[in-house]
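K.L.:
predicted structure and sequence below. I'll ask about it afterward.
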Amino acid sequence: MKTVKNNNTEETIVAIIGAGISGLTLATFLQKAGITCIVLERRNRSYIEMRQRAGVVDARAVRMFERWDLADKLLAGPVATTIDYRLNGKGRIFKIAEDVGSSSRFCTQQMLVGNLMRELIDNMAGDVRFDVSDVVIYNEEGGCPKVTYSDANGSHELVCCYIAGCDADRGISRTSIPEGVITRYTHEFGYAWLAALVEAPVIGDPIMAISDHGCVAQLPRGPHRSRYYLQCPLGDNASDWTNDRIWNEIRLRLNDETIQNAVVHDKFIVPLRSVVYAPMQYRNLFLVGDAAHLVPPTSAKGMNLALYDVDILSQAILKAVQDKDTSALENYSEIVLPHIWNYQDFAVWMTDMMHDAGDPTQNGTFRQQIARARLDNLFNSETAAHLHSEYQRGTN
Ligand code: RFL
């Protein structure tokens, strides 16, 4: 039960900071299970609905939504079963091996977030408070956690049992944890990607292309658009990349002069880095998604790891609230982290292979040749192909 104690103080079971993919999915599951929660978001609803980011919901996450009987309502877009791995313009189609159950889907993060908002707020009367500021977490030993925040009507207090920190890398949840509790593990790859959202669909299969001039990827973002990623030096600014330069470089790296320029909707630079914060919990605060870990977009796992955390945390909260069994909650971090590290390994593997195999000026010709051998393995070894398929589906 959500209770209003006085004008400014309310009680709820879970306070969720952040209405991105993690916060909205967690709130939808809890609301469906009858566990009260309040989501605090610093942006407004339309800003969040417009935010375009990831493009693939992996098979593991699809099955999670199916378990909650929400897949039909939340997911849209074709199944994702192939990748066109190109080397200097020559393509080989990798077919992601099927296992029992549903496949990954090309469902954009924007589509999923929009559907989650409709389901949670419009259909289930979920409580998401937009445009809040000054969020502060109180998470004292032995005490009831609380969260204070401000909005246009003044300052407010939420007294709760648990706090989910779903406010990504620059949020306040992780930084509310005292220094020394959490270790930051990080790896910098030494280069960046220019990400460009363009008004041109992927024709055929999504492309991951290696070239002597650097890597380029083209991934679907809905029926009419795609996102190109172009390897570039760390230090480049988006403004260094005119639209003509982007299209010239795409034609060069894909070795395809027939590609026509199209509208570029946005472009930004993503420095490639991997980060894990451990443990992912402190007292009654639980970190979820980008608040606890970042992967380079090469792996397409950022959103899917966030959904994995939500899967484990929602089940743990259900157990704690409905069965009074807090063991899964106490072990949340230990349960989640092996999966996170496994997919960090996949992300490093993919990123190193795609970059080392291309332009040798960064890591040399020896690394170039072994990275190309790694790529060949996906087509020559059933074992390598099987493992790669498991990673792509998110099922190992
Ligand atoms: P989100 O989705 O960023 O949501 C966090 C929410 O918290 C809010 N917030 C606060 N609210 C209240 N008070 C505060 N103090 C707050 N501070 C922050 C924010 O406004 C926001 O609404 O994090 P979440 O839920 O952990 O989900 C993680 C995923 O969004 C992320 O992993 C992926 O989008 C990563 N990512 C990509 N992943 C892929 O798998 N494939 C991609 O192609 C891909 N492209 C991207 C990306 C991430 C990007 N960002 C973050 C730079 C492209 C971009 C631009």
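P.N.:
On my side now, so go ahead.
K.L.:
who's in contact with Ile312?
P.N.:
Counting by C-beta atoms under 8 Å, 6 or more residues apart in numbering, Ile312 touches Ala328, Tyr332, Ile335, Val336. Placement of C-beta: from N, CA and C, glycine included.
K.L.:
looking at the residues you listed, which are in helices?
P.N.:
Ala328, Tyr332, Ile335, Val336 (DSSP state H).
K.L.:
ok, is stretch 159-168 in contact with the ligand or not?
P.N.:
Yes: residues of stretch 159-168 contacting the ligand under C-beta under 6 Å from any ligand atom: Cys166, Asp167, Ala168.
K.L.:
the nearest residue to the second one once chain neighbours are set aside: neighbour count?
P.N.:
So the one you mean is Asp167. Distance criterion C-beta to C-beta, 6 or more residues apart in numbering; nearest residue to Asp167, sequence neighbours excluded, is Gly18 at 3.6 Å. Neighbours of Gly18 under the rule other C-beta atoms under 10 Å: 28.
K.L.:
how about the contacts made by Gly18?
P.N.:
Gly18 touches Val39, Leu40, Glu41, Gly165, Cys166, Asp167, Ala168, Gly171, Ser173, Ala291, counting by C-beta under 8 Å, 6+ apart.
K.L.:
before we move on, which element is Ile93 in?
P.N.:
strand 90-95 (DSSP states H and E).
K.L.:
got a winner among the ones in helices among the contacts of Ile312 for most neighbours?
P.N.:
Val336 (26 neighbours).
K.L.:
count the neighbours of Gln109 for me.
P.N.:
20.
K.L.:
distance of it from the ligand?
P.N.:
5 Å (C-beta to the nearest ligand atom, to the nearest Å).
K.L.:
now do the same for that residue: its pLDDT.
P.N.:
What the model reports as pLDDT for Gln109 is 95.
K.L.:
sec struct for His187, please.
P.N.:
Applying DSSP: H, G, I helix; E, B strand; the rest coil to His187 yields a three-state assignment of strand.
K.L.:
the closest residue in space to it that isn't next to it in sequence: how many residues sit nearby?
P.N.:
Leaving aside its sequence neighbours, His187 sits nearest to Ser274 (C-beta to C-beta, 6+ apart; 4.5 Å). Neighbours of Ser274 under the rule other C-beta under 10 Å: 20.
K.L.:
make sure Ser274 is indeed in a helix.
P.N.:
No: assigned with three-state DSSP, Ser274 falls outside any helix and is strand.
K.L.:
which SSE is Ile370 in?
P.N.:
helix 364-380.
K.L.:
quick one, strands of the stretch 1-150 of the chain?
P.N.:
3-4, 9-11, 14-17, 37-40, 82-87, 90-95, 127-129, 133-138, 146-151 (DSSP state E, counting those that start in this stretch).
K.L.:
check the offset of the last one from the chain's centre.
P.N.:
Relative to its parent chain, strand 146-151 has a centroid offset of 26 Å by C-alpha atoms, centre = their mean, to the nearest Å.
K.L.:
partner strands of the helix or strand that it is followed by and their direction?
P.N.:
Later in the chain than strand 146-151, the nearest helix or strand by DSSP H and E is strand 154-159. The strands beside strand 154-159 in its sheet (DSSP bridges) come out as strand 9-11 (parallel), strand 146-151 (antiparallel).
K.L.:
picking up where we left off before, now the contacts of Gly18 in JSON lines, with pLDDT and neighbour count?
P.N.:
Below are those laid out as JSON lines (pLDDT from 0 to 100; neighbours: other C-beta atoms under 10 Å):
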{"residue": "Val39", "pLDDT": "98", "neighbour count": "27"}
{"residue": "Leu40", "pLDDT": "98", "neighbour count": "26"}
{"residue": "Glu41", "pLDDT": "98", "neighbour count": "23"}
{"residue": "Gly165", "pLDDT": "98", "neighbour count": "29"}
{"residue": "Cys166", "pLDDT": "99", "neighbour count": "33"}
{"residue": "Asp167", "pLDDT": "98", "neighbour count": "27"}
{"residue": "Ala168", "pLDDT": "98", "neighbour count": "21"}
{"residue": "Gly171", "pLDDT": "98", "neighbour count": "20"}
{"residue": "Ser173", "pLDDT": "98", "neighbour count": "26"}
{"residue": "Ala291", "pLDDT": "98", "neighbour count": "30"}
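K.L.:
those residues in strands, which ones?
P.N.:
Members of the contacts of Gly18 lying in strands (criterion: DSSP state E): Val39, Leu40, Gly165.
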